[in-house]
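J.: sequence first, then the predicted structure:
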Amino acid sequence: MSLQSTALPGSANESNVQSNWLSWLLVSFLIYVLLAAVGAIGSGFKAAAGSDAKELFAFASNPGIALIVGVVATALIQSSSTVTSIIVGMVAGGLPIAIAIPMIMGANIGTSLTSTLVSLGHIRNGKEFKRAFSAATVHDSFNILAVAILLPLELLFRPLATASEYLAGLLVSDASVSMSGMNFMKVLLSPAADILKASVAWLPGVWSGVALILIGIGLILMVVTQIGKVLRTLMVGRAMNILHTAVGRGPASGMASGTLITVLVQSSSTTTSLIVPLAGTGVFSLKQVYPFILGSNIGTTITALLAATAISGASATVALQIALVHLLFNLLAIAVIYVLPFLRQIPVVMAETLAIQAQRNKGYVVAYIGGVFFALPLIVVGISRLF
């Protein structure tokens, strides 16, 4: 019996083990490139704007415009992880926290488009489509409600900015800043940073900074996509096992499994794309899917926290602060909306109502997607210009 379980040289088991090790090495390399890319964006913005980096974002001084930037960018790229990593780099380069916070909130709304599009795969079967569409749009509804409640509170009382600033100050100590020459991440990333800077050194002045920003964004787009592909290959089987054993055991277990799977695959879009078809076929109910999707909101914040470790020196605190804002926003949204019974049911009612209308008339699907991701952003922009 023991001979059967031993991986012999040249055996299929040994080949699979080697393949997995190579895949994990690739993931490690891609994470390294991601960190270097985030650092490149911050360096690029500093090089392009110099001491006037904040003025570079004067056009987005209105929180409403910043919110729309987050929504549209994430809807187009289909990855909140990518957008939040870019925002971390921008903050390190001078983007004000007050403008970055609405962008982070917008990214939460934009990423929910993926699950809505996935639900369209069930459109030919009325009952399945109703279940899938409600499971998808409960994500949209929750994130929109969270922004509607927490953005005004943030503008008035700044709870996220204050709490994240305090936590970042604790995590990035004065000692670590004063010993920046011994910063492990700075030493680790310096070879990649030098290569990236050398690649644009031939460009004059501001243009070298602009090129560095574009290279950083391009690398993030590529790396997040590739990490998702590799981790899906490594973890989807395990992820499905977690789904079946944990999602139906209650809200806490559902949130935990949603968080864990999203951390593993580094994409809330992937996580929600896994659960929506299962909801459509009746494996899970909307009540079971709801907390799982909220867990995916928490899990996706790990990328921004990881990206913040690429920043060293004086910008380290603000970079970590905006990453913590992403985490605190999602935790606070759950605490306010899901914990309070009268608010908890609002996203469910919204999703079920939309699903019923979409089942009756597919035109509602087009109207919903166009309204939430195109018309609503335009309305917000119009209103924001009045203030």
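T.: Arrived safely, thanks for sending.

J.: for the stretch 201-350 of the chain, what spans make up the helices?
T.: 205-246, 251-265, 268-280, 286-299, 302-308, 316-333, 341-360 (DSSP state H, counting those that start in this stretch).

J.: which strands and helices lie in contact with the fifth one?
T.: Contacting helix 302-308 under the criterion 3 or more C-beta pairs under 8 Å, 6 or more residues apart in numbering; DSSP states H and E are the following elements: helix 12-49, helix 80-92, helix 316-333. In short, each C-beta sits where N, CA and C put it, glycine included.

J.: among the ones you listed, which comes closest to Asn125?
T.: The closest of those to Asn125 is helix 80-92. By C-beta to C-beta, the value is 29.4 Å.

J.: next, the angle helix 316-333 makes with that closest one.
T.: 140 degrees (axes from the mean of the first three to the mean of the last three C-alpha atoms, to 10 degrees).

J.: how about the next helix or strand after helix 80-92: buried residues?
T.: Tracing the chain C-terminally past helix 80-92 and defining elements by DSSP states H and E, one meets helix 97-111 next. Within helix 97-111, the residues scored as buried using 16 or more other C-beta atoms under 10 Å are 97, 99-111.

J.: show me what helix 97-111 is packed against.
T.: Against helix 97-111 (3+ C-beta pairs under 8 Å, 6+ apart) you get helix 63-77, helix 80-92, helix 126-157, helix 159-171, helix 316-333.

J.: any idea which of these is most buried?
T.: Highest mean neighbour count of the helices and strands packed on helix 97-111: helix 80-92, a mean of 30 (counted as mean count of other C-beta atoms under 10 Å).

J.: next, the angle helix 286-299 makes with that helix.
T.: Angular relation of helix 80-92 and helix 286-299 on a 0 to 180 degree scale: 30 degrees, by the same axes, to 10 degrees.

J.: from the chain's centroid, how far away is helix 80-92?
T.: Computed by C-alpha atoms, centre = their mean, to the nearest Å, the separation of helix 80-92 from the middle of its chain amounts to 9 Å.

J.: and it with helix 268-280, angle?
T.: If you take the same axes, to 10 degrees, helix 80-92 sits at 150 degrees to helix 268-280.

J.: by contact count, what packs against helix 80-92?
T.: When contacts are defined as 3+ C-beta pairs under 8 Å, 6+ apart, helix 80-92 sits against helix 12-49, helix 63-77, helix 97-111, helix 205-246, helix 268-280, helix 302-308, helix 316-333.

J.: repeat that for 7 Å
T.: helix 12-49, helix 63-77, helix 97-111, helix 205-246, helix 302-308, helix 316-333 (3 or more C-beta pairs under 7 Å, 6 or more residues apart in numbering; DSSP states H and E).
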